[in-house]
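Engineer: Below are the sequence and a predicted model for it; my questions follow.
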Amino acid sequence: MKRLHVRAAALAGLTAVAVFAVVQIHRAQPVALGQDRPPEVVTQKKKPKPKAAPHRKMAAPPATQPSPAEDRYSDRYTERYSDASLAEPPPATDGAALLGSNIDKEVPEAGPDLYRDGADGPAPVRSVAGRHSPASDPFAQAVTDDNRGLPARKTAPAGKKPARTARGDRAGAAARAKHARPAIDAFGPDPAERPASDERRASNAPPRDPFGDAAPARPAVEKPHSMTGHGRPGGKQLEGAQSPTLVVEKAAPDEIQVGKPAVFAIRVQNTSTAPAHEVVIQDLVPQGTQLIDTHPTAAEVLDGRVVWSVGTLKPNDTATVEMELMPLTEGEIGSVATVHFAGEASVRTRCTRPQLALDVSLPGEVLMGDDVAIAIKISNPGTGIATGVVLSETIPDQLQHPSGSELEYEVGDLKPGESRQIELTMNAVKAGQVVNNLVAQGEGQLRAEQQSEFMVVAPQLEVSMQGPKRRYLERQATYTVTVSNPGTAPAKEVQLITHLPKGLQFVDANNAGEYDPVTNTVHWLLDELPANEAGQVTLTTLPIEPGEQMLKVEGVAQRGLSAEQEEVVSVEGVAAILFQLADIADPIEVGGETTYEIRVVNQGSKAATNIDLVATFPPQLKPRSAHGPTRDAIHGQEVRFQPLGRLPPKGETTYQIRAQGMQPGDLRVQVQLLTDEMQSPVTKEESTRVYADE
């Protein structure tokens, strides 16, 4: 009979999933399955080993376990599947010895400590761009410590490693990982074709282990963005290194025959002092056989894969599972069983909560141009040390500081209950409501924010302009310009300036407005504009160029006050088409001819486009020929000219049509003209008298 021994151990402190392979084969005399007696002498000589601790077989449920007399496989067990190795586990010591003696590839031992060599103790405060030393920082020099005499926080010298944390109540839980095997059909590839190996490993390379040189391979998982924990510290027995070790044996008869059922057995024993959790035994139905039954009932049978879920194996516990197979083909029959399990470890520690708090004092209002001093108190009301504390300030638009608009001050560490006093001085440069934000941040996502408001009182300027936003060429436009002071103090030496574009010509201005032809600007001057007062002036212009014209008004005063507004004036031209119709000879005799002249003039300021002209004659007049700026066509009594694409402003053109009187009478010729600018055509008539000789 063939017997397979596999041993594996989970490294301390890590959740482990063990995948086992065939590592050595023994031949033994047949022994009844389940007998507890010393192993027989095998054909291969081995050095004597100490006897292993007794084990317990995994009991099947009473409802499904037959008695020896009723078991339909009991005879086959006695005849063909007896093996002393199944009755008693092979000798073993601890997990490390098992691995060293039965697996060729050396497994690194666990590291001595969680900390790596070369740790420099507590990390230094992170570097922050723009940070200043106390002597030159943007905050005022007055920085005091409310806890004078407190010693500075010490850090470990470079190259020293902190002492390892003693075993005790430490929070934490070991993660678990499971390595799934692909399903293999009972008639799939021959196991003999697989590459020979003394050890089966997961495909992904093992990562570094904080307790040693290498850690078991773990499946790649996506890191969650946020997760709330619910783990609790485990028992004292789970603290420290945990090394659950399992011994796996697989047994089969030396010979099986086609058409006769055979039983393959797998036994797993925990030979360590630590429990193995989530134990799962998995085997493949050998190629050339058919699965008949499993004992105990397998948790999963799918695509040639049989899985038993054992659960937890306590120290010295044993679990045995069996497959009854029907051989179908001759040849070498077998499969590789794997066992997955997880180890547990626990740690606990004490957690404190540092906090940051800000208290800001400042005046209620400040006159624009004056300095404002902000008194800042930063403290730690929490229970732990707040490390790497940095105070940052974003200067509002109404204030100014010589160091710029983004300020940072490195406070350092704050012990529980400790506070610091800092003063920040800035200059008020713009009137209005000030919203000042101070932010204190520390390592570990510590953050405190204080928003303060105060008023910068000062005169203010606002300007506006009202007038037409659309004008035609050479038609005057008058604009009203308003300057107001909605502030809290008078505005001194107010200047109001209107900038004219080259397409607008200055005509007139009231209230002593002065025009400067060099800069094409109009100026007004006010000695003082009281608070909450407004003044108005008027300006008249003449559009002289078509297109969009930018009209800008600007107001300036003392203390750097300024305001401006821009208005776009659209100047357009007008296409004004006028046409005249006249006959050269009137009256004419029957058979005589006359010429009709059509004169088209664009009297507007914009080009006319697509000028379409059509002339219609009565039956007594016959059109003979036509002439004009575009091609013509005579169709019976109608003469049509192709549209004229463009007639510029002040431009004109002439059309001529020659016609012959056919019958006497007062005859009327009708001409119709249409352009893109017209919504409907314009029609004119000309009367011609045709007489007959008597």
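Structural biologist: Received it, and whenever you're ready, just let me know what you need. What you are looking at is a predicted structure, and each value in this text was computed from that prediction instead of being measured.
Engineer: Checking the nearest residue to residue 292 once chain neighbours are set aside next. Helix, strand or coil?
Structural biologist: Once flanking residues are discounted, residue 292 sits nearest to residue 324: 4.3 Å by CB to CB, 6 or more residues apart in numbering. For every residue, glycine as well, the C-beta is placed using N, CA and C. Classification of residue 324 using DSSP: H, G, I helix; E, B strand; the rest coil returns strand.
Engineer: Residue 324 and residue 262 touch, don't they?
Structural biologist: Yes: contact criterion CB atoms under 8 Å: residue 324 and residue 262 qualify, at 7.4 Å.
Engineer: ok, back up a step: residues near the residue nearest to residue 292, how many?
Structural biologist: Residue 324: 18 surrounding residues under other CB atoms under 10 Å.
Engineer: OK, contacts around it?
Structural biologist: 73, 261-263, 291-295 (CB atoms under 8 Å, 6 or more residues apart in numbering).
Engineer: Any of the residues you listed buried? List them.
Structural biologist: Neighbour-count burial within the contacts of residue 324 applies to 73, 261-263, 291, 294-295; the criterion is 16 or more other CB atoms under 10 Å.
Engineer: Let me know the closest of those residues to residue 670.
Structural biologist: For the buried ones among the contacts of residue 324, the minimum distance to residue 670 (CB to CB) is 106.1 Å, reached by residue 291.
Engineer: got the contact list for the residue nearest to residue 309 when sequence neighbours are not counted?
Structural biologist: In this structure, residue 309 finds its nearest non-sequential neighbour in residue 299, 4.3 Å apart by CB to CB, 6+ apart. With contact taken as CB under 8 Å, 6+ apart, residue 299 is in contact with 307-309.
Engineer: Now do the same contact list for the closest residue to residue 536 other than its chain neighbours.
Structural biologist: Distances taken as CB to CB, 6+ apart place residue 482 nearest to residue 536, at 5.0 Å, with adjacent residues excluded. By CB under 8 Å, 6+ apart, the residues touching residue 482 are 463-466, 534-536.
Engineer: how about a cut-off of 10 Å?
Structural biologist: By CB atoms under 10 Å, 6 or more residues apart in numbering, the contact set of residue 482 is 462-466, 496, 534-537, 553, 555, 565.
Engineer: just residue 558 next, same as before
Structural biologist: Applying CB under 10 Å, 6+ apart, the residues contacting residue 558 are 369, 459, 490-494, 528.
Engineer: Look up phi and psi at it.
Structural biologist: Residue 558 adopts backbone torsions of phi -60, psi 170, taken as degrees, to the nearest 10.
Engineer: same deal with the one 3 residues further on?
Structural biologist: Listed backbone geometry of residue 561 is phi -70, psi 140, with angles given as degrees, to the nearest 10.
Engineer: hang on, the earlier thing: could you dump the contacts of residue 482 into a markdown table and include secondary structure and distance to residue 406?
Structural biologist: Formatted as a markdown table, the contacts of residue 482 follow (DSSP: H, G, I helix; E, B strand; the rest coil; distance: CB to CB, whole Å):
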| residue | secondary structure | distance to residue 406 |
| --- | --- | --- |
| 462 | strand | 30 |
| 463 | strand | 32 |
| 464 | strand | 35 |
| 465 | strand | 37 |
| 466 | strand | 41 |
| 496 | strand | 37 |
| 534 | strand | 38 |
| 535 | strand | 40 |
| 536 | strand | 42 |
| 537 | strand | 42 |
| 553 | strand | 35 |
| 555 | strand | 31 |
| 565 | strand | 31 |
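Engineer: Please parse this protein into its domains.
Structural biologist: 1-106+172-219+235-349, 357-457, 462-572, 577-691 (automatic domain parsing).
Engineer: Using a markdown table, lay out those domains together with mean pLDDT and distance to residue 227.
Structural biologist: Output for the domains of the chain, formatted as a markdown table (pLDDT from 0 to 100; distance: least, CB to CB, whole Å):
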| stretch | mean pLDDT | distance to residue 227 |
| --- | --- | --- |
| domain 1-106+172-219+235-349 | 61 | 12 |
| domain 357-457 | 92 | 16 |
| domain 462-572 | 90 | 54 |
| domain 577-691 | 90 | 70 |
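Engineer: could the ones you listed be laid out in JSON lines, adding distance to residue 228?
Structural biologist: Shown next, in JSON lines, are the domains of the chain (distance: least, CB to CB, whole Å):
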{"stretch": "domain 1-106+172-219+235-349", "distance to residue 228": "14"}
{"stretch": "domain 357-457", "distance to residue 228": "15"}
{"stretch": "domain 462-572", "distance to residue 228": "52"}
{"stretch": "domain 577-691", "distance to residue 228": "71"}
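Engineer: Which one, of those, ends up nearest to residue 229?
Structural biologist: domain 1-106+172-219+235-349 (8.2 Å).
Engineer: What's the separation between the residue nearest to residue 292 and residue 337?
Structural biologist: 15 Å (CB to CB, to the nearest Å).
Engineer: repeat for residue 591
Structural biologist: 126 Å.
Engineer: So for those two, which residue has more residues nearby?
Structural biologist: It is residue 337, of residue 591 and residue 337, that has more neighbours when counted by other CB under 10 Å, with 22 against 11.
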